[in-house]
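Novice: Sequence plus the predicted model coming up.
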Amino acid sequence: MTTIIDSTATDVTPAPAPAAPAYEPAKTDAQGRFKVSNLHGGRARMELSNQWYRRPADERFLSLSSLEAHVRARAEASVTLPLKSKAIECYAPEPEKIEDTHVFKIILPDGSEAEPTHFSFGQLAGLAGAPAGYLRTMPSQITKDALNYGLRFIRRVEDVKLYVRPGEDLRAITGNDYGRIYDHEVVEAVRQVAGDGTGDTRWKIPGVMDWRTMIYDPNVAPTLDSTTLYSSDRDVFIFLVDDRNPIVVGKARNGEDDVMFRGFYFKNSEVGAGSCKLGFFYLRGLCENRIMWGVEGFEELTLRHSKNAPARFVAEAIPAMRAMAERSSTKLIEAVQAAKEAVVAKDDDSALDWLKARTALSVGQQKKVLELVEQEEQTHARSVWDMAQGITALARSIPHQDDRFAMEKIAGGLLNRVA
């Protein structure tokens with residue numbers, strides 16, 4: 001049997017796909033649309049929605065080619081300057097008008113100037129041992145003096161690297177051993193398997209689901225509001241799906257086909273705002289605000305921007321992405337079936353005993369899990385699959401995201417044990 005993997009550990013590299021995938025294609029209408037019958041199976045995940053709601057229009061792109069051109073242009077205009085942190089010189093003009101109290105720059109070794117971004121100012125303040133939030137409220141002349149003093153006498157790191165567009169902006173300050181994975185390298189790697197992300201290959205910007213009919217339409221044209229290709233001054237985030245090729249992984253409780261499709265995301269920050277991460281999963285649908293519904297089989301590969309990160313990106317992340325893009329759906333189908341067949345309780349009392357022995361749920365939560373299985377699945381909790389669905393349903397009632405994800409990880413842990 002195969003295990004549903006739910007891992008956030010580093011270096012989770014999937015095995016190469018079998019040559020001939022074994023699955024049943026889902027039934028679609030003439031427009032390629034299909035019915036979603038088990039939306040609350042698996043988990044609801046917010047990674048994409050969290051990106052979607054905070055991105056302004058100038059951080060949204062409609063194709064991978066336009067996204068790559070944007071991030072490549074800024075990288076080609078940027079240079080890396082190794083230097084001593086005490087050599088960084090902050091500048092603010094003598095104030096003659098109120099506007100002058102908002103002018104703050106750094107002087108580069110060649111005499112040119114650069115204005116810190118919001119993100120790199122935070123890095124600069126941290127290097128100087130100063131509170132960035134407070135300094136942002138001060139006149140730039142006070143900020144300059146505070147940071148110059150900190151960089152000379154309180155600095156926390158001696159050797160640093162500036163990542164800067166001379167004459168424009170300071171994009172980042174990192175440690176000397178920082179291994180930069182460029183954003184355009186990530187986009188270029190995705191384009192090798194996804195083309196432009198507009199439907200010219202299997203992988204594309206996702207469609208949307210009609211909540212009135214529960215019909216998912218993969219062919220809705222993306223707009224700046226619905227796109228899932230993003231980049232800011234500090235990161236890039238790509239989310240694509242194979243929603244024109246849905247598969248059947250079993251039957252929903254109502255007897256209808258349980259339909260899913262594949263998806264992945266790739267995110268990176270060449271300025272040190274986060275690790276390089278590749279996530280792969282199956283899902284049942286996406287709503288307009290980009291919540292991922294019915295997620296199963298989630299896997300994630302994480303690469304920290306350490307000294308050897310660029311080499312690991314080539315050796316690990318790119319092959320992992322290709323393997324994920326080409327893999328068979330057999331693993332997921334077998335895993336779902338195994339969880340459904342793994343009967344672990346004969347009645348409610350033994351179901352509670354099983355949950356008590358394998359989870360940290362309270363007695364009240366254990367009983368609620370059984371109630372939710374009966375309400376939502378119209379059955380009694382007897383299999384590992386039932387238990388996981390009940391815990392996932394309980395998680396949806398938790399208002400705080402961190403607590404909700406912690407509860408969902410319990411469900412994922414139970415599924416991991418099915419073998």
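Specialist: In hand now; what should we look at?
Novice: now the helix or strand containing Phe298: mean pLDDT?
Specialist: If you go by DSSP states H and E, Phe298 is part of strand 292-303. Mean per-residue pLDDT for strand 292-303: 86.
Novice: Equivalent analysis for stretch 75-84, please.
Specialist: 94.
Novice: Then stretch 354-373?
Specialist: On average, stretch 354-373 scores 87.
Novice: what's the offset of it from the middle of its chain?
Specialist: Stretch 354-373 sits 29 Å away from the centroid of its parent chain (C-alpha atoms, centre = their mean, to the nearest Å).
Novice: again, but for stretch 192-207
Specialist: On C-alpha atoms, centre = their mean, the centre of stretch 192-207 falls 18 Å from that of its chain.
Novice: Give me the residues contacting it.
Specialist: Outside stretch 192-207, the residues that touch it by C-beta atoms under 8 Å, 6 or more residues apart in numbering are 62-65, 190-191, 216-220, 222, 226-229, 238-245, 263-264, 286, 318, 321-322, 325-326. Bear in mind the C-beta positions are built from the backbone N, C-alpha and C, glycine included.
Novice: Any buried residues in the helix or strand just after the strand holding Phe298, and which?
Specialist: Next in sequence after strand 292-303, counting helices and strands by DSSP H and E, comes helix 309-312. For helix 309-312, a neighbour-count test (16 or more other C-beta atoms under 10 Å) marks 309-310, 312 as buried.
Novice: What of stretch 117-136?
Specialist: Those would be 117, 119-125, 127-128, 130, 132, 135, for stretch 117-136 by 16+ other C-beta under 10 Å.
Novice: wait, which of those is closest to Trp52?
Specialist: Among these, Phe119 lies closest to Trp52 (C-beta to C-beta), at 20.3 Å.
Novice: middle-most residue in the protein, spatially?
Specialist: Glu47 (4.9 Å; C-alpha atoms, centre = their mean).
Novice: Could you give the backbone dihedrals for it?
Specialist: Glu47 has phi and psi values of phi -50, psi -50 when expressed as degrees, to the nearest 10.
Novice: hang on, the earlier thing: could you dump the buried residues of helix 309-312 into JSON lines and include distance to Val71 and pLDDT?
Specialist: Shown next, in JSON lines, are the buried residues of helix 309-312 (distance: C-beta to C-beta, whole Å; pLDDT from 0 to 100):
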{"residue": "Ala309", "distance to Val71": "17", "pLDDT": "83"}
{"residue": "Pro310", "distance to Val71": "16", "pLDDT": "84"}
{"residue": "Arg312", "distance to Val71": "20", "pLDDT": "80"}
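Novice: I'd like the distance between the residue nearest to the centre of the chain and Thr359.
Specialist: 24 Å (C-beta to C-beta, to the nearest Å).
Novice: for His184, same thing?
Specialist: For His184 relative to Thr359 (C-beta to C-beta), the value is 44 Å.
Novice: between those two, who's got more neighbours?
Specialist: Using other C-beta atoms under 10 Å, the more surrounded residue of His184 and Thr359 is His184, with 21 against 18.
Novice: tell me the contacts of that one?
Specialist: His184 neighbours (C-beta under 8 Å, 6+ apart): 68, 71-72, 75.
Novice: Please apply the same query to Gly272.
Specialist: Taking C-beta under 8 Å, 6+ apart, one finds 123, 172, 174, 178, 305 in contact with Gly272.
Novice: Which stretches in the stretch 1-150 of the chain count as helices?
Specialist: Taking DSSP state H, counting those that start in this stretch, the helices of the stretch 1-150 of the chain run over residues 47-54, 64-76, 118-127, 132-135, 140-153.
Novice: ugh, wrong one, I meant the stretch 251-400 of the chain
Specialist: With DSSP H, counting those that start in this stretch as the criterion, the stretch 251-400 of the chain has helices spanning 309-312, 318-326, 330-341, 348-358, 363-377, 384-395.
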